[in-house]
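**Q** what's the 3D shape of this:
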Amino acid sequence: MRTALLDTNIISFFLRGHERVVANFRAYLEEHDQINLSIISYYEVVSGLMHRNASKRLQTFLDFSQQSNVVNLTNQSVTASSEVYADTRAKGEPVDDIDILIAGVALVNDWVVVTNNTKHFSKIKGLEIEDWTK
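**A** I've put the predicted structure just below:
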C-alpha cells in the first residue's frame with residue numbers, strides 16, 4: 001500500500017464510522033505508522049465541526065489528528081499547486097483551490113490522494129487517487 005494523503009471527505013467518512021473506510025484505515029496502519037492529512041483538510045474538518053457546534057465530534061477529530069501526521073504547505077507544494085491550477089484552467093477544467101492545495105502536497109511527496117471526490121481529483125495530471133469507500 002502506497003503512502004497516502006487523506007482528503008477531507010475520507011476523514012469525515014472515518015469519523016462517521018463508514019465500514020469500508022474504517023477497514024481501509026486499519027489495513028493502511030498495518031503497513032504505515034501514521035495517517036497523513038494536510039493542514040487544509042485539518043482546517044476543513046475543524047471549521048465544519050465548529051460551524052455545526054459538534055463539540056464531541058470535534059474532540060474526536062482533534063484526538064485523531066494528534067496521532068496523525070498533519071502536513072503543512074511548503075513553497076514546493078504551493079508551487080506544484082500553482083502548476084495544477086494553471087494546467088486545469090488552461091484545459092477549461094478548473095478544480096477548487098482547496099483540492100488543488102491538497103493535490104500539491106501529495107504531488108511533491110509522491111503520495112496517493114485517498115478521496116471519494118474522484119471527479120475533481122482525476123482532472124489533475126500525474127496525481128494518483130484511491131477511493132476507500134469502495
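
**Q** what's the local residue count around residue 53?
**A** 7 (other Cβ atoms under 10 Å). For the C-beta atoms, the positions are set from N, CA and C on the backbone; glycine is no exception.

**Q** typed the wrong thing, it's residue 67
**A** 10.

**Q** OK, contacts around it?
**A** Applying Cβ atoms under 8 Å, 6 or more residues apart in numbering, we find residue 67 in contact with 34-35.

**Q** now it: how far from residue 37?
**A** Taking Cβ to Cβ, to the nearest Å as the measure, residue 67 falls 11 Å from residue 37.

**Q** do residue 15 as well
**A** Residue 15 is 12 Å from residue 37, where distance means Cβ to Cβ.

**Q** next one: residue 26
**A** Going from residue 26 to residue 37 by Cβ to Cβ gives 17 Å.

**Q** residue 57 touches residue 15, doesn't it?
**A** Yes. If you go by Cβ atoms under 8 Å, residue 57 and residue 15 touch, sitting 6.1 Å apart.

**Q** who has more neighbours, these two?
**A** For residue 57 versus residue 15, the count of surrounding residues by other Cβ under 10 Å is larger for residue 15: 18 against 15.

**Q** quick one: contacts for the more buried one?
**A** 45, 57, 60-61, 64.
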